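J.: 3D model of this:
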Amino acid sequence: MKSDENEIDTQNELEKLGYWNSLYSKENYFGTGPTLLALFAKEIIENNDINDILELGCGQGRDSIFFANLGCNVIATDISENAIKFVEQIKHEQNLQNLQLFIHDTLLPLNFMNMSFDLVYSNLALQFFNLEQLTNIFSNIKKVMKKNSFLLFSTKKSGDKYFNFGQKLSQNSFEYGGITRYFYEKKLIEKILKEQNFTILNFEDEKHTNPDQTISVWWKILVKI
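T.: From the prediction side, this is the model:
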């Protein structure tokens, strides 16, 4: 029975990787230029003398490239090899020596870099993890944050185009194409963050129009340790 469960987990991981690698085989799939969250991060960077940034789930690197061009030292990770290859090409074109890229699963510990950061950043990547996984991710993030450093992230909320889309797994989770998205309520995210001893500085809802004219609705969350 345990062997069967392991085979199912492996198959699920392969399907997930296949989904992201297929997505990121398309050039600039989510558009170009910094996202709204990155523009918000720019103010934090400039007002707090932030130098070292870690981005989790960087995708095709819109925000990591933006931060590197601001002069920050940036480490960016993504589970997709295609995504990282895409960002590497832009890195070389722009000669961004201050940008390092790693293929990395956000679920795994972050100590392989042997660094600590002024800002840990993640834009719409944490929506793909269940409650237990999300708690572990926050715990891992804490371990690589400097004293008085920041965590800025966004995650989808109810009302988004993917809410109530695909197979309903629970009140706030839906699966489509082998990918599960979670839409957490504000109180639940606040509870997890406070249990990890984060101080919440900003927690508000945002929305933007996608290239295909659909609407994304998300939480913008800034915390400090």
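J.: so Gly61 sits right up against Glu93, yeah?
T.: No. Using C-beta atoms under 8 Å, Gly61 makes no contact with Glu93, being 11.5 Å away. Placement of C-beta: from N, CA and C, glycine included.
J.: give me the low-pLDDT residue ranges for this structure?
T.: For the chain, applying pLDDT under 70 flags the ranges 1-32, 112.
J.: Helices along the chain, start to end?
T.: Secondary structure of the chain (DSSP state H): helices located at 2-23, 36-47, 62-69, 81-94, 131-142, 186-195.
J.: tell me the most buried of these?
T.: Of all the helices of the chain, helix 62-69 has the most neighbours on average by mean count of other C-beta atoms under 10 Å, namely a mean of 23.
J.: ok, residues contacting it?
T.: Contact with helix 62-69 is made by 30-35, 37-38, 41-42, 45, 53, 55, 58, 74, 76, 87, 90-91, 94, 96, 98-99, 101, 121, 123, as judged by C-beta atoms under 8 Å, 6 or more residues apart in numbering.
J.: now it against helix 81-94, angle please.
T.: If you take axes from the mean of the first three to the mean of the last three C-alpha atoms, to 10 degrees, helix 62-69 sits at 30 degrees to helix 81-94.
J.: Now do helix 62-69 against helix 36-47, angle only.
T.: 20 degrees.
J.: distance between helix 62-69 and the chain's centre?
T.: Distance, stretch centre to chain centre, for helix 62-69: 14 Å (C-alpha atoms, centre = their mean, to the nearest Å).
J.: Now it - C-alpha only, PDB.
T.: Extracted C-alpha coordinates of helix 62-69, given in PDB (Å, rounded to 0.1, in the frame of the first residue of the first chain):
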ATOM      1  CA  ARG A  62       9.800  39.600 -14.600                       C
ATOM      2  CA  ASP A  63      10.300  40.700 -11.000                       C
ATOM      3  CA  SER A  64      13.700  39.200 -10.400                       C
ATOM      4  CA  ILE A  65      15.100  41.000 -13.400                       C
ATOM      5  CA  PHE A  66      13.400  44.200 -12.200                       C
ATOM      6  CA  PHE A  67      15.000  43.900  -8.700                       C
ATOM      7  CA  ALA A  68      18.400  43.100 -10.200                       C
ATOM      8  CA  ASN A  69      18.200  46.200 -12.400                       C
END
